[in-house]
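>>> need the 3D shape of this:
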Amino acid sequence: MNLEQLFNQNKEYTIHGRYITLENIEPILNRESLKKDVEIIGKSVLGKPIYSYQKGTGKLKIYLWSQMHGNESTTTKALFDFINLLNSGSDLANQLLETFTFYCIPMLNPDGAQLYTRANANDIDLNRDSQNLTQPESKVLRTIFEDIKPDYCFNLHDQRTIFGVADSGKPATVSFLAPSYNEEREVNESRLKAINLIAGINEVLQNYIPGQIGRFDDSFNINCIGDTFQYLGVPTLLFEAGHFTGDYEREVTRKFIFIALLSSFIILSENDIVSNINDKYLNIPQNKVVFFDFMYKNVKINYDGIEIITNFVAQYKEELINNELNFNAYIVEVGDLESYYGHYEYDAKGALYGDDFTNFPKPNQKADFNLDKKVFFVNGTIIK
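All right, here's what the predicted structure looks like:
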């Protein structure tokens, strides 16, 4: 089965990039082919509708939600790509629809999506509200969970560009977690099911992005929704869409999330899960904070009147300006930085740093500078 071809055939081309809002997805949900399966299941803090999409007649109930954090939209795109596949009329679609009933919430936090923030309009992280349920969005997610009693939960997120796969020097393009259900991080029946499924997904993805799959930290926090659902006995998988080289719009990563989702359901539908493969899951390297967006090496700077050769790094801030998302690069640290990598690296070979301010790369300063007044960088990259 050509999973990349299936992605290309079913990609939802009307949504792209990182800034995905309710305005972008409502026209899709209102299509004739979809709207009969769409329902408004609640309202956000600011009164925006929270939509669900339900499809399939199978016994296995799958619960998926995306954009719990408003600025994490890659999995939303991939979820709509997968919904297109379910509506394709293909033999594969029919197989999945006979095996599963899918309950999808494509955008749990529409207010945060509009503001491009992690939190909701009350500045609450919904992924820390699974016990107190203080927010309307949290209550919606929990109510549907209790109503449908799913067999598997898929908690869909993005992670920052800072994460790499252990010390490999490769970005963590996709990461997974079978959340813990207790402080001791033990493995019970429900967690083992999630572990086994992730191990199967990992084997598929290694054919596409070898060495670029990570395992998220499994410290227990009952306030997190994945930990709560695992604690309640439902196998829960956390998906984290991360960075692929040069793919700041996350259009390449989107493909791998689609492949991961589709692989999950093919594995489950074919009952192709190997039992007791905890070791294969634990052998997935852990995420590690080892990356910056930009790394500049062997730069000469004037430090307290002494010229030294050092390194410095810059990081993009994703800033919403006039309803457009801007990637603005700021200097964050100067020093040896021996254990870190840059998604973009430049060797200055001893060239002298200069800028329009103090001729020193200060943290929080825009990454606009020159080297020997010959090579010029604007927003982190060389201008020709």
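
>>> and Leu337, how many neighbours?
Other residues lying near Leu337 total 17 when counted by other Cβ atoms under 10 Å. Just so you know, the C-beta spots here come from the backbone N, C-alpha and C atoms, and that holds for glycine as well.

>>> show the contacting residues for it.
Residues in contact with Leu337 (Cβ atoms under 8 Å, 6 or more residues apart in numbering) are 295, 311-313.

>>> switch the cut-off to 6 Å
Asn311 (Cβ atoms under 6 Å, 6 or more residues apart in numbering).

>>> state the pLDDT value of it.
At Leu337, the model reports a pLDDT of 97.

>>> ramachandran angles for it?
phi 50, psi 40 (degrees, to the nearest 10).

>>> what about it, distance to Trp65?
Distance, Leu337 to Trp65, using Cβ to Cβ, to the nearest Å: 37 Å.

>>> same question, Asp91
In terms of Cβ to Cβ, Asp91 sits 28 Å off from Trp65.

>>> those two: who's more crowded?
Trp65 (29 against 8).

>>> so that one sits against Cys104, correct?
No: the pair Trp65 / Cys104 is not scored as a contact, 7.3 Å apart, by Cβ atoms under 6 Å.

>>> and the gap between Glu146 and Val234?
Distance check for Glu146 against Val234: by Cβ to Cβ, it reads 11 Å.

>>> these two: which is more packed in?
Comparing Glu146 with Val234 by other Cβ under 10 Å, the one with more neighbours is Val234, at 21 against 9.

>>> quick check: chain neighbours aside, which residue is closest to that one?
Distances taken as Cβ to Cβ, 6 or more residues apart in numbering put Cys153 closest to Val234, at 5.4 Å, once the chain neighbours are dropped.

>>> so that neighbour sits in a strand?
Yes: under DSSP: H, G, I helix; E, B strand; the rest coil, Cys153 falls within a strand.

>>> quick check: mean pLDDT of the lengthiest helix in the chain?
Identified as the longest helix of the chain according to DSSP state H is helix 251-269. The average pLDDT for helix 251-269 rounds to 97.

>>> again with stretch 214-224
96.

>>> pull out the buried positions in it.
Judged by neighbour count (16 or more other Cβ atoms under 10 Å), stretch 214-224 contains these buried residues: 214-216, 218, 220-221, 224.

>>> mind listing what Thr117 touches?
By Cβ under 6 Å, 6+ apart, Thr117 lies in contact with 70-71.

>>> wait, what's in contact with Glu72?
157-158.

>>> next, it: secondary structure please.
Of the three states, Glu72 takes coil under three-state DSSP.

>>> what's it sitting at in phi/psi?
Per-residue torsions, Glu72: phi -120, psi 90 (degrees, to the nearest 10).

>>> measure it to Thr228 for me?
Counting by Cβ to Cβ - Glu72 and Thr228 are separated by 19 Å.

>>> for this structure, which element, helix or strand, carries the lowest mean pLDDT?
Lowest on mean pLDDT, DSSP states H and E among the helices and strands of the chain sits helix 278-282, with a mean of 86.

>>> what residues sit buried inside that helix?
280-281.

>>> next secondary structure after that helix?
With elements assigned by DSSP states H and E, the helix or strand that comes after helix 278-282 is strand 287-289.

>>> what are the contacting residues of the helix or strand just after that next one?
If you walk from strand 287-289 toward the C-terminus, the next helix or strand you reach (DSSP H and E) is strand 291-303. Contact partners of strand 291-303, identified using Cβ under 6 Å, 6+ apart, comprise 161-162, 164, 307, 309, 311-316, 341-350, 352-353, 380.

>>> also compute the angle for the very next helix or strand once past strand 291-303 relative to strand 291-303, please.
Counting by DSSP H and E, the next helix or strand C-terminal to strand 291-303 is strand 306-321. Interaxial angle of strand 306-321 relative to strand 291-303 (axes from the mean of the first three to the mean of the last three Cα atoms, to 10 degrees): 140 degrees.

>>> which strands or helices does strand 306-321 pack on?
If you count contacts as 3 or more Cβ pairs under 6 Å, 6 or more residues apart in numbering; DSSP states H and E, strand 306-321 packs onto strand 291-303, strand 324-335.
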